[in-house]
Structure formats: C-alpha cells, structure tokens
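**Q** here are the coordinates; sequence isn't available:
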C-alpha cells in the first residue's frame, strides 16, 4: 500500500493529545464523585461492566478519527477486481490488390476510413486491436482503449505484396486468446492449421511448449470478442482462410467480414505492370457463415456499429492500482456512527 499524501499522517500526533484530555476529564469527574457521602454505594450502582462500557464510545470515536486521517492521506493499493471487458480485433488487408480503385478513392483508403469511424464510435469498455496482413500478418496495435493510438496505427498501414487472409484470421485469434498457444508460424510451416486448431492453451500440468487439447464450442457462442476482417477477399498465399475460420469457430469467435471491391474487379499498376484484381466475395461470405458472423459489402460506419452491439461483456479479473480513500472514509463514518449510537443507547447522551 502507498500513500499519495503521506504528510497528512502528521495529524495523527493530535490523537495522543485527545487521549490526554479524555484522561483529565475522567480524573475531574472522579474528584467530583468523591463529594458524595457514600462513594461505595455509587460504585456499586455503576458496576464494573458499566465502568468499562463507558469507555467504548470514546474509543470508537478515536478510531474513527484515526481512520479518517488515514483516508486524508489517500491510500492506494494494487488490488484484483472484476471488470467487464470486450475485445474486437480489426484485421485489415494491406495487399497490393487493396490499391484498386473500383472503390473510391481505393479499397485500402475506404477500409481505413471505415476502421477509423468504427474505432471512434466504440464504448469505453471495448478494447480494440489492429492486425494487418499481406504476405504475412503482424500486430500493428495490441488491444487497447486508447483511441488515438488505434487511429495512428490505422493511418500508418502500408501496402505490401501477396494476400494471406488465413494468416490474418489466425493472428487475430491469437490476439484474442494470447495464452492459448496459437502459433501463426507453426500453422503456416509446421503441420499447418491442423496442428494449431485443437490448442486450448497451457495448463499447470502441461509440459513447456505444450497446450491442453481444445474442446470445440458452438460457433458464435463466445460473446466477449469478435474479429472484423476488412479485405477484398482474394487469397494468394498462406493458410486456407476457410480452415482459419474453422479455428475461430471452434472457439466460438465470430468473424465479421467486410468486402471492399466490385464483382467486376479493377486493374492495379505495380512495378510497371498492370494487374487485374478481382474481388472474391464468395470467400468472405463463407468465412462469415462458418463462424456465425455476418458479411458486409463496402461497409459504412453505421454497418459496423451493429457488430459491437451484439457483443456481451466478459467478466475478467484485473490487477490495477486503486485508491482506497472512499473506502477508508466510509469506515471512519461507520465508526463515528457506532460511537454515537452506543452513547445514546447506553447513556442517553452523546459521547
């Protein structure tokens, strides 16, 4: 525990002074009592229990003052608290085909505009991550509530060669479940997606680099996270996107696919070559269907807003620095009330 205003504890030095004043008042009252002709009769009337009981309200009041001074020092501690959490991963295609101009001004800019509007429109409890993919996938921004950092991550996306939609889905899934042991490299090179599909994550009894087997759940049943895939849907390399979607379905995570492009396609000029890029809408529809998500064509911010409305908050335990001032002040108030109540009930007067 730490104190934000430790100098306030200097007020505790006043407590011994209050104790001294209380003792002086008791002695004065005792001298007044000696004026009675029969002090033994008075003592018998008071009784030992009554003599002890009369000190309880002042003691509680003293404790209340001590706790109140502690509250003024603003104590803080690292505590584990239950918090509500929702996570959305934006997986954005940055392949060269996203420079096609069949969507104005081009597919990538349209995807960035939709993603920025979506980020700015989210409730404060929704954490968002950004994953980009071309020939491979990378986490551009880890899950965060910082909207400015997310917008900056979206703005810095750069085009690259090839389109590995499956890699984007797998890395987005690993971002949702960071402790599940999902390895994109292993899914691409070492045994394929089948080697990763049944991994549920490490357990206390598991050996290093091993994971417990996954028990698949109902597709779409995991209500605390979702993946939004923004792409033109045409895969050129990497894992099969339908198989990658099956990994998400096994964990109940829905993948909402957003397609940018027209069925007619468009021509892209790259490295002096003119290449025709066709929009693969069928693949995106299949990914959404496998995971019980939805498919949107060239979605607007209003379309994307419907996605987070279906997400349920997940209760997680989170360790964070918490100020305990209010709790200490409430404890001081309760002690003071108890002192007053006992004084009124026992002696029919204030302490």
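**A** Structure's in. What do you need? Predicted model only: the values in this text are computed from it and were never measured.

**Q** Got the domain ranges for the chain?
**A** Annotated domains of the chain cover 2-77+322-347, 94-312 [automatic domain parsing].

**Q** Give me the neighbour count for the nearest residue to residue 70 once chain neighbours are set aside.
**A** Spatial nearest neighbour of residue 70, excluding adjacent residues (C-beta to C-beta, 6 or more residues apart in numbering): residue 328 at 5.3 Å. Every residue, glycine included, has its C-beta placed from N, CA and C. The tally of other residues near residue 328 (other C-beta atoms under 10 Å) stands at 19.

**Q** One more: residue 1?
**A** 8.

**Q** ok so, going back, for the strand or helix carrying the residue nearest to residue 70, what is the average pLDDT?
**A** Per DSSP states H and E: residue 328 is located in helix 325-347. Mean pLDDT, computed over helix 325-347, is 84.

**Q** Buried ones in it, by neighbour count?
**A** 325, 328, 331-332, 335-336, 338-340, 342-343 (16 or more other C-beta atoms under 10 Å).

**Q** Which strands and helices lie in contact with that helix?
**A** Under the contact definition 3 or more C-beta pairs under 8 Å, 6 or more residues apart in numbering; DSSP states H and E, helix 325-347 sits against helix 56-72.

**Q** between the helix it packs on and helix 325-347, how many degrees?
**A** 170 degrees (axes from the mean of the first three to the mean of the last three C-alpha atoms, to 10 degrees).

**Q** Could you report the separation of residue 242 from residue 261?
**A** Distance, residue 242 to residue 261, by C-beta to C-beta, to the nearest Å: 19 Å.

**Q** Look at these two and report which has more neighbours.
**A** Counted by other C-beta under 10 Å, residue 242 and residue 261 do not tie: residue 261 has more neighbours, with 26 against 17.

**Q** Make sure I have this right: that one is in a strand.
**A** No. If the criterion is DSSP: H, G, I helix; E, B strand; the rest coil, then residue 261 is coil and not within a strand.

**Q** The closest residue to it other than its chain neighbours and residue 73, how far apart?
**A** Counting by C-beta to C-beta, 6+ apart, residue 261 lies nearest to residue 279, which is 3.1 Å off, once chain neighbours are set aside. Distance of residue 279 to residue 73, given as C-beta to C-beta: 63 Å.

**Q** ok, now residue 173?
**A** From residue 173 to residue 73 the distance is 46 Å (C-beta to C-beta).

**Q** Looking at these two, which one has more neighbours?
**A** residue 173 (27 against 20).

**Q** In three-state terms, label the more buried one for me.
**A** helix.

**Q** Point out where the protein drops to low pLDDT.
**A** For the chain, the stretches with pLDDT under 70 are 31-51, 79-85, 189-214, 263, 265, 267-277, 298-320, 347-351.

**Q** what are the ranges of the helices in the stretch 1-150 of the chain?
**A** 14-33, 39-53, 56-72, 107-120, 147-155 (DSSP state H, counting those that start in this stretch).

**Q** what helices or strands is the longest one leaning on?
**A** Pointing back at helix 14-33 there. Judged by 3+ C-beta pairs under 8 Å, 6+ apart, the packing partners of helix 14-33 are helix 56-72.

**Q** Buried residues in the helix it packs on, which are they?
**A** Using 16+ other C-beta under 10 Å as the test for burial, helix 56-72 gives 57-58, 60-72.

**Q** how close does residue 27 sit to residue 20?
**A** Distance from residue 27 to residue 20, by C-beta to C-beta: 11 Å.

**Q** Going by distance to residue 181, which of the buried residues of helix 325-347 wins?
**A** residue 325 (41.5 Å; C-beta to C-beta).

**Q** What distance do you get for that closest one to residue 120?
**A** Residue 325 is 33 Å from residue 120, by C-beta to C-beta.

**Q** Could you do residue 153 as well?
**A** Using C-beta to C-beta, we find residue 153 at a distance of 13 Å from residue 120.
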